[in-house]
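Asker: Predicted coordinates and the sequence they were generated for:
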There are 2 protein chains.
Amino acid sequence: MADMPKAAIVGIGQTEFSKSSGRSELQLAAECIKAALDDAGLQTSDVDGLITFTLDGSDEVGVTRCLGIDDLKFTSRIPQGGAASVATICHAMSVVESGVCDVVVIWRAMNERSQYRFGQPAARGSIPVGGGTGFMEWCMPFGAQFPASWEALTAQSYMHKYGVTNADFGLVSVQLRKHAATNPAAWFYRKPITLEEHQASRWIVAPALRLLDCCQESDGGVAVVVASMARARQLRQTPVGIFGAVTSMRFNHEIISDYYHSADLTHLPIAERVRQRLTEACGIAPTETQVAMIYDNFTPQIFMQLEAFGFCRPGEAKDYIKDGNLEIDGRSPLSPNGGHIGEGYIHGMNLVTEGVRQARGTAANQVADVRHVFLASGVAGAIIGAC
Amino acid sequence: MADMPKAAIVGIGQTEFSKSSGRSELQLAAECIKAALDDAGLQTSDVDGLITFTLDGSDEVGVTRCLGIDDLKFTSRIPQGGAASVATICHAMSVVESGVCDVVVIWRAMNERSQYRFGQPAARGSIPVGGGTGFMEWCMPFGAQFPASWEALTAQSYMHKYGVTNADFGLVSVQLRKHAATNPAAWFYRKPITLEEHQASRWIVAPALRLLDCCQESDGGVAVVVASMARARQLRQTPVGIFGAVTSMRFNHEIISDYYHSADLTHLPIAERVRQRLTEACGIAPTETQVAMIYDNFTPQIFMQLEAFGFCRPGEAKDYIKDGNLEIDGRSPLSPNGGHIGEGYIHGMNLVTEGVRQARGTAANQVADVRHVFLASGVAGAIIGAC
């Protein structure tokens, strides 16, 4: 039996997800934060903490100024890009539980399609902080210069070991596009695809990834508000408690170019550690949740994370997906908003907001009887649920 | 009476401070972290959290790999440059108190003299994350392009209102160089200056700042290890408890270009808020400590912070300093290591380590009977002391 959480998600907000927002990233940030505060029934003057990504293009001074925030007691940025998106929940939980902050806002806003191309070589924002000593120096000079190329190396190792083909990866795209098709907020609303359409899309990195294996380069902003459970009980929405939120960053691991952890690149040791740590933290395993929001930058990541988080055994993801387990009424419904592949790619954070909607029971594609939701982004995981 | 702290600084480490380290920032980071862990009697495998600045040039993957860290449960980066250096203590305290981490390492390592020039226009690292919407766009195009130029605008407002001259500012340099002269780790060891020498140094931004009003562009690395008080009691050093650690970032404030907070630029409203919040947090006022480690990027910052933190009244810093209060045996000894102006400028973090030495009673220029040390970096403040 899990303890009652001490911190809760009390508000969520987002802009539209598009290919050209027509406004600055700072404005997107301000809009989604305001929406999240409105959702919670909070004022900007209530905010005393801000958390975002090291890669986010808006600074805290600008966000504070745009919104009229009165005074911050804490600001932090997480490295490791979207892989650590769920780590923002861990940061927020920590500062609320330790009493440093009362109301913490997490935001991520990006014009990654119209202002720069996040998926292409040398895209602004694709090089982590610490460029001078950065691990990407082991990829870039050798021709692996963009996210799909990094992902494809690992994917091919997985394909080789388990006899998986790109058509198998396509099952994930078909599933997530099906979900997106009935989510009005999704970029691919009313646009489901068949496996044949997936197979007809052009190669990005053969033989692993086609265009339709990739998440959507999107313009948009997403914000999440976290408060203490005591505060949460006084607010507008049913509190969505944070039962556990954990991170792992193991020796010799990189993020998307994670080629050095061991001789076997077909599994995700960090995600396996997250699973173990999360279950220890709150007594709830990922498989005991009713919805799985799992980071889908590329389809193979879903295969490998399903296995790492215990939904199926190594090499069995293909069959697990084929058997319909990821359907809305399946055993472990995957990203009912359509995920990054179907709804939009706001670097993990739109998976968090959908998780909150599922926990509240207010999602477009609502899963029945949701008690707990699993949030996962490779190096971080969380279990949330209405309290 | 202050409560017993739940988190403590258990180890400190640093490299030499130079103008040309001859090695990478990543190596400096690894060296100072290893030194801090050795000081604490901890292994790299004990480390489960890493905190640094958004501006730090080494990434977490590289640091983890260089040191052989086993697994991290938390990583964060603080924005706002050195002004938020003491905020790293707040981050570390929070994650230890909330139980997310057991042993957190804070590091800052830079070759800001040999690899780039931190004090010059367009220096790498001088533009905050969020460049696209960054507040610096209100300075740069108008000719205020480097730290001394930003600082000088505020300083001139202060000079005008209180009839202060650059020779008055020089009192701070003379004081800190006196301290550095007897600190073997200081760049200016055995090199005290007279006020005449200060006045003979060249203008950087007339009539506010001469060369000797500026901190030292330095190569070097500094690390601090924070653990729970329970863990701290089992370790090698006397725990230096964190009685309080707070941050403030108020509406319409920028960092060093803080020109919009009100019509009166001669005071520091953020620092005033830090003072109030810190005293509320732990019941100890800055003036009740025996050592003051106050961020000295430029001499006028000492004047304005002394006033903001309550050491003297507005406009009285000149007399407070002249009266000898900042001497080692004065009422509020200032940075007995020589500070950023005399020892080196590792972006605030070498002030933290000197504060720890003072609390332990092991400093080169040891103040007598130290119970509490005040750490301040403009937007953040902390009270620490041996427990």
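Answerer: Alright, I've got the coordinates.
Asker: Please list the residues of the stretch 151-300 of chain A that sit near chain B.
Answerer: Residues of the stretch 151-300 of chain A lying close to chain B by Cβ under 8 Å from any Cβ of the partner chain are A:246-255, A:273, A:277. Yep, even glycine has a C-beta here, placed from its N, CA and C like the rest.
Asker: Can you redo those residues as TSV, where the extra columns are neighbour count, distance to A:Phe169 and secondary structure?
Answerer: Converted to TSV, these look like this (neighbours: other Cβ atoms under 10 Å in any protein chain shown; distance: Cβ to Cβ, whole Å; DSSP: H, G, I helix; E, B strand; the rest coil):
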residue	neighbour count	distance to A:Phe169	secondary structure
A:Val246	27	28	strand
A:Thr247	32	27	strand
A:Ser248	24	25	coil
A:Met249	29	26	strand
A:Arg250	17	26	strand
A:Phe251	18	29	coil
A:Asn252	15	27	coil
A:His253	26	23	coil
A:Glu254	24	22	coil
A:Ile255	22	20	coil
A:Arg273	21	25	helix
A:Arg277	18	28	helix
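Asker: Which of those sits closest to A:Ala382?
Answerer: A:Val246 (7.4 Å; Cβ to Cβ).
Asker: Quick one: the strands in the stretch 251-387 of chain A, in order.
Answerer: Shown for the stretch 251-387 of chain A, the strands assigned by DSSP state E, counting those that start in this stretch span residues A:291-294, A:373-376, A:380-386.
Asker: mind listing what the longest one pairs with, with the direction of each?
Answerer: Meaning strand A:380-386. strand A:240-247 (antiparallel), strand A:373-376 (antiparallel) (DSSP bridges).
Asker: Same list (these) but as a markdown table, adding mean pLDDT.
Answerer: A markdown table is the format used below for the strands paired with strand A:380-386 (pLDDT from 0 to 100):
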| stretch | mean pLDDT |
| --- | --- |
| strand A:240-247 | 97 |
| strand A:373-376 | 98 |
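Asker: In JSON lines: the ones you listed, plus distance to B:His261.
Answerer: Shown next, in JSON lines, are the strands paired with strand A:380-386 (distance: least, Cβ to Cβ, whole Å):
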{"stretch": "strand A:240-247", "distance to B:His261": "35"}
{"stretch": "strand A:373-376", "distance to B:His261": "38"}
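Asker: who wins for proximity to A:Cys387 among those strands?
Answerer: strand A:240-247 (3.8 Å).
Asker: Give the buried residues for that closest one.
Answerer: Residues A:240-247 are the ones in strand A:240-247 that count as buried (16 or more other Cβ atoms under 10 Å in any protein chain shown).
Asker: want to throw the residues you listed into TSV with distance to A:His91?
Answerer: Shown next, in TSV, are those (distance: Cβ to Cβ, whole Å):
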residue	distance to A:His91
A:Val240	17
A:Gly241	17
A:Ile242	11
A:Phe243	16
A:Gly244	14
A:Ala245	9
A:Val246	12
A:Thr247	9
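Asker: Can you tell me which of those is nearest chain B?
Answerer: Using Cβ to the nearest Cβ, A:Thr247 comes nearest to chain B of the buried residues of strand A:240-247, at 5.6 Å.
Asker: contacting residues for the closest one?
Answerer: A:Thr247 makes contact with A:84, A:86-87, A:90, A:274, A:379-380, B:72-75 under the criterion Cβ atoms under 8 Å, 6 or more residues apart in numbering or on different chains.
Asker: cool, and A:Lys19?
Answerer: A:Lys19 sits in contact with A:113-114, A:187, A:217-219, where contact means Cβ under 8 Å, 6+ apart.
Asker: For those, work out which two are farthest apart.
Answerer: A:Ser114 and A:Trp187 (13.3 Å).
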